[in-house]
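In: return a 3D structure for these sequence lines:
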Amino acid sequence: MQPATAKWYDRRDSVFIEFLVEDSKDLQVKFEKSKLDFRCVGGIETLKHHNELDLFDSIDPNASKHKRTDRSVLCCLKKAEAGRAWPRLTKDKAKFQWLGVDFNNWKDWEDDSDEDLSSFDKFSEMMNTMGGEDGMPDLGMGGMEGLEEHDSDDESKL
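Out: This is a model prediction of the structure:
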């Protein structure tokens, strides 16, 4: 067994960790008050993955959730004490090669006072809408007529 590669980020009321395992099977995610246990089989080589984390602070195991996709498993750990920043994911200050910060989703929320929906609510909302919609973006060439008129006006000035 080997640990799955993961990245994490902190929010006001939750901590998110994404385990980057494609096509995961036999998924087991166990949330405890100060621990997370992740197990699955996945990837191209169908390797067995196991990550056990002693968390920086306490979570609410009953309110914490996870969502499996074809590319990863996203876990939302509901903080027991909202509003307290986690400077790292684990209790131990040691660096883990398999764990990194998700800078694409990182946000300095301590200065942000106008969050209307909590991150946990947004996560729940995202979980409910995953699966996609049929609507495709409008790829029409609207607005080209105005461009042509503009070009013809420019030519008449020459």
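
In: which regions of the protein sit below the pLDDT cut-off?
Out: 109-158 (pLDDT under 70).

In: residue boundaries of the helices in it?
Out: 119-129, 144-156 (DSSP state H).

In: can you pull the contacts of P87?
Out: Contacts here follow Cβ atoms under 8 Å, 6 or more residues apart in numbering; on that basis P87 touches F56. To be clear about C-beta, it is placed using only N, CA and C from the backbone, and glycine gets the same treatment.

In: over to the one 5 residues further on?
Out: By Cβ under 8 Å, 6+ apart, the contact list for D92 reads D54.

In: so how far is R84 from it?
Out: Counting by Cβ to Cβ, to the nearest Å, the gap from D92 to R84 is 18 Å.

In: again, but for N105
Out: Look at N105 and R84: by Cβ to Cβ, they are 19 Å apart.

In: swap in T90?
Out: Counting by Cβ to Cβ, the gap from T90 to R84 is 16 Å.
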